[in-house]
Each structure stands twice: as structure tokens, then as C-alpha cells.
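**Q** Okay, structure incoming, though there's no sequence with it:
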């Protein structure tokens, strides 16, 4: 398959496929005599996998590790499960941090709203402490 067909099939741009190839997530495909890349069905499966795990928040370096595990058919699911658990814990930490930030922003906004109702309003956020 040529790169345009693969891109449409998976829902990626041609540039994204080239990017993945350039970053070692996809082996360089053989080329036709005319210089066109020729992708096999396993390349399509690999690209679909990359897209799926990137959508789960995995970084390129993490995806490389997952691809190595995926390539070893004898590998049990435990290492992949461990990485998924680590990613979930990371997301939960980020959510907790975002909730704290949301709370702080609400407090700051509430403080600003109180000051705006005064005659000589001074912004509590821009004041030096």
C-alpha cells in the first residue's frame, strides 16, 4: 500500500506517518522502483496501535517501549498492564493537581469579586505580599 492509502485507512496524515517513521516507531518501508514507500498490513496495524496508545497519553519514548513488548509475542501482558497502571496513576495525579488549581483560581476570583464591590478597589491578585 502507498502512504496515502495507509493514511486514509487509519485516519492519519501522511506527515504523521513520516514523523512516526522518522522517530523509529515504524520501520522504514521498502520502496518501489519509482521511489514510493510500500507499506504492508502489519505496518498498518502498527500505526493503528501507535495512534491508539498515543491517544491514551503515552509519549513517543513510552510508545517505543510498548512496541518492543508488542513485538515479542511470547511476552505476557503484565508489563503492558504495569505501564497502563503507571499512566493511570500519572493522570490521577494530574487531575488532583488540576482540582487544586481550580480551587485556588475560584478563591482568587471570589476575592477579586469582593474587591470590585468596594469604592476603592485594589486588586488582591496584583498586590505585593
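**A** Everything's here; your move. These numbers were taken from a predicted model, which means no experiment stands behind them.

**Q** Tell me which residue lies nearest the centroid of this protein.
**A** residue 57 (3.5 Å; CA atoms, centre = their mean).

**Q** check contacts around that residue.
**A** Applying CB atoms under 8 Å, 6 or more residues apart in numbering, we find residue 57 in contact with 87, 90-91. Bear in mind the C-beta positions are built from the backbone N, C-alpha and C, glycine included.

**Q** so what secondary structure elements neighbour the longest helix seen in the chain?
**A** Using DSSP state H to define each element, the chain has its longest helix at helix 78-116. Packing partners of helix 78-116 (3 or more CB pairs under 8 Å, 6 or more residues apart in numbering; DSSP states H and E): helix 60-71.

**Q** Mind listing residues that contact the lowest-mean-pLDDT helix or strand in the chain?
**A** Every helix and strand of the chain was ranked by mean pLDDT, DSSP states H and E. The lowest is helix 60-71, at a mean of 88. For helix 60-71, contacts defined as CB under 8 Å, 6+ apart pick out 23-25, 46, 49-50, 53-54, 58, 75, 79-80, 83, 87.

**Q** repeat that for 10 Å
**A** Helix 60-71 is contacted from outside by 19-20, 23-26, 45-46, 49-54, 56, 58-59, 75-80, 83-84, 86-87, using CB atoms under 10 Å, 6 or more residues apart in numbering.

**Q** out of those residues, which are buried?
**A** In the contacts of helix 60-71, burial by neighbour count holds for 20, 25-26, 46, 50, 53-54, 58, 83, 87, counting by 16 or more other CB atoms under 10 Å.

**Q** Output the below-cut-off pLDDT ranges for this protein.
**A** Residue ranges of the chain with pLDDT under 70: 73-76, 119-122, 124, 126-129.

**Q** Would you map out the domains in it?
**A** Domain ranges of the chain: 3-75, 87-129, per automatic domain parsing.

**Q** Most tightly packed of those?
**A** domain 3-75 (a mean of 14; mean count of other CB atoms under 10 Å).

**Q** Next, the angle helix 78-116 makes with the least confident helix or strand of the chain.
**A** When axes from the mean of the first three to the mean of the last three CA atoms, to 10 degrees is applied, the directions of helix 60-71 and helix 78-116 differ by 150 degrees.
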